[in-house]
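Visitor: Give me the fold of what follows.
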Amino acid sequence: MTSFLERYASQYRDATTSRGFKYHFLAIEPAAGQPTLLFLHGFPSHSFDWHYQVDYFHSKGYGLVVPDMLGYGGTDKPTDPALFKYKLLSQDMIDVLDSISWIKDAKVIAVAHDWGAAFNSRLMLYYSDRFIAFVSICVGGVRISNGPIEFDTLLPLLKQATGYELLAYQEFFTKAPDAAQVMENNIESLLDLMTPADASAWLTYLCVRGATEEYMRGGKRIPRASFMSDEFAAAIKDSFQRNGLSAPLCWYKVFIEGHNTEDDATLQGKTVDKPVLYVGATRDYVCPPAVHKAILGSFASNLSTTEFDTGHWVFMEKPDQFNQELEAFVQKVTKAN
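Guide: Residues are numbered from 1 along each chain as shown. Purely as a prediction, here's the structure:
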C-alpha cells in the first residue's frame, strides 16, 4: 500500500496569509451535499496526524482541509512566541480557508486536538460565523489569560486540585534556553515520551517537576505506543530533523508567557452558541476530561461530550470508533444547517 504522503501529495497546496506566512495544507473538495472538516493538529506533529481521518472521510466524500499548523511541516516557522497569538492564528486560518475557491459554498466544521484544540477555543470565539460546529479533542480550551504564568504559583495549585503537578513538563519546554536543541538531539526519546505505550507514564515523566528535563537530557527511552507506526514516526522525525523544534515550542510559550492577555480581555463574557463536541480521554493525565469540559462549558452554550478509554491520542488509538462518533456528530449538525 502506498504511504499517506504519496497518496495525497498532489492534493497539498500552499497559501500565504495576510500577515505574510506560508501555510502548507491538504485540501480536498467535498462531494455534493457533504460538509468540510478542518483538522487542526497539536504538538509534536503535522497534518499526517490525521491520516486515519483523512482516509475515512475522503472515502465518504467529505471535504477536507488539513494544515500543517504554524511552526510545523511545510508551513512557515517563526520563532517569536508573540507571532503565535490566537487572534493572529485565527486570522491565518480564515485566510487559508479563503484561499480555497470552493470554500465559500462549504459547511465547515473545525476538529482540533491538543494545542490545535486550545487554539480552537479562540477560533470559535473570533469566527463562530464561519463554521457550523466545532470539535475539541482532549483539550477543551485555555482559560482567559491574566498574564504570564509562574510555575512556582501554578504547580502547587494544580497539585491541590488534581493530586499531581499537572503541567510540570511545560516548565522545561518554555524556560530551558536549550530545550529545543535537547529535544532535537534526542528525538526518539521525545517520541517515546509523547506517545507512550502506557499512558500512565505521563504521571511519572510529565507531571513531576523536573522529571521531563531529566528524562530528555538523559536521552531516556520508554516503550512507544503501537499506533506510532514506522511511517508516522519517520515523517515526524524527518520534519523535526530538518526544521527543528524552536517554532513548535512557541505554542507553549505564547500561553505561558501571557501573549494572549490583551486580546483575551476583549473576550470576557463572550459565548458560542454553535454546536460544540468535546471528546475526552479517560487516561489522558495531562488533560483530565473533567477539567477541560468545565473550561469549554464556561463559554460553549451548546456543548455535548463523549469520552474514550484511551490516552491522549484518541483518534489514533481508536480510529474506527472515533471516526464513527465524529461522523455521527457531523451528520447531525449538517442536517440542522
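
Visitor: Check which element follows whichever strand or helix holds residue 242 along the chain.
Guide: When elements are assigned from DSSP states H and E, residue 242 belongs to helix 230-243. Of the helices and strands lying after helix 230-243 in sequence (DSSP H and E), the nearest is helix 250-256.

Visitor: wait, isn't residue 29 in contact with residue 102?
Guide: Yes. If you go by Cβ atoms under 8 Å, residue 29 and residue 102 touch, sitting 5.0 Å apart. (Each C-beta comes from the backbone N, C-alpha and C, glycine too.)

Visitor: intersection of neighbour lists for those two?
Guide: Residues touching both residue 29 and residue 102 comprise residue 63, with contact defined as Cβ atoms under 8 Å, 6 or more residues apart in numbering.

Visitor: who's more crowded, these two?
Guide: Legend: neighbour count by other Cβ atoms under 10 Å for residue 29 and residue 102, higher for residue 29 (16 against 12).

Visitor: from the chain's centre, how far out does the helix or strand encompassing residue 119 sit?
Guide: Element membership for residue 119, per DSSP H and E: helix 115-126. The chain centroid and the centroid of helix 115-126 are separated by 9 Å under Cα atoms, centre = their mean, to the nearest Å.

Visitor: same question, stretch 64-80
Guide: 12 Å.

Visitor: Please apply the same query to stretch 198-210.
Guide: 20 Å.

Visitor: and residue 134, how far is that from residue 41?
Guide: Look at residue 134 and residue 41: by Cβ to Cβ, to the nearest Å, they are 15 Å apart.

Visitor: So between the two, which is more surrounded?
Guide: Using other Cβ under 10 Å as the criterion, residue 134 and residue 41 rank with residue 134 on top: 28 against 23.

Visitor: show me what contacts that one?
Guide: Applying Cβ under 8 Å, 6+ apart, the residues near residue 134 are 109-112, 120, 123-124, 272, 274-277, 300.

Visitor: repeat for residue 166
Guide: Residue 166 sits in contact with 155, 158, 159, 207, 285, 286, 288, where contact means Cβ under 8 Å, 6+ apart.

Visitor: Restricted to strands, list these.
Guide: Counting by DSSP state E, no part of the contacts of residue 166 is found in strands.

Visitor: filter these to the buried ones?
Guide: For these, a burial check counting by 16 or more other Cβ atoms under 10 Å picks out 155, 158, 207, 285, 286, 288.

Visitor: Residue 214: which element?
Guide: helix 211-217.

Visitor: That helix packs against which elements?
Guide: When contacts are defined as 3 or more Cβ pairs under 8 Å, 6 or more residues apart in numbering; DSSP states H and E, helix 211-217 sits against helix 169-175, helix 179-185, helix 187-194, helix 201-205.

Visitor: Same list (those) but as JSON lines, adding mean pLDDT and mean neighbour count.
Guide: Below are the helices and strands packed on helix 211-217 laid out as JSON lines (pLDDT from 0 to 100; neighbours: other Cβ atoms under 10 Å):
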{"stretch": "helix 169-175", "mean pLDDT": "99", "mean neighbour count": "21"}
{"stretch": "helix 179-185", "mean pLDDT": "97", "mean neighbour count": "18"}
{"stretch": "helix 187-194", "mean pLDDT": "97", "mean neighbour count": "20"}
{"stretch": "helix 201-205", "mean pLDDT": "98", "mean neighbour count": "19"}
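
Visitor: In a markdown table: those, plus distance to residue 151.
Guide: Formatted as a markdown table, those follow (distance: least, Cβ to Cβ, whole Å):
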| stretch | distance to residue 151 |
| --- | --- |
| helix 169-175 | 5 |
| helix 179-185 | 14 |
| helix 187-194 | 19 |
| helix 201-205 | 17 |
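
Visitor: Which of the ones you listed sits closest to residue 63?
Guide: helix 187-194 (29.4 Å; Cβ to Cβ).

Visitor: Surely residue 82 and residue 260 touch.
Guide: No. Counting by Cβ under 8 Å, residue 82 does not reach residue 260; the two are 9.7 Å apart.

Visitor: hey, what's in contact with both of these two?
Guide: residue 254.

Visitor: Can you tell me, leaving aside adjacent residues, what's nearest to residue 113?
Guide: Of all residues not flanking residue 113 in the chain, residue 137 sits nearest, at 4.1 Å (Cβ to Cβ, 6 or more residues apart in numbering).

Visitor: what's the neighbour count on that neighbour?
Guide: Quick note: residue 137 (other Cβ under 10 Å) scores 29 neighbours.
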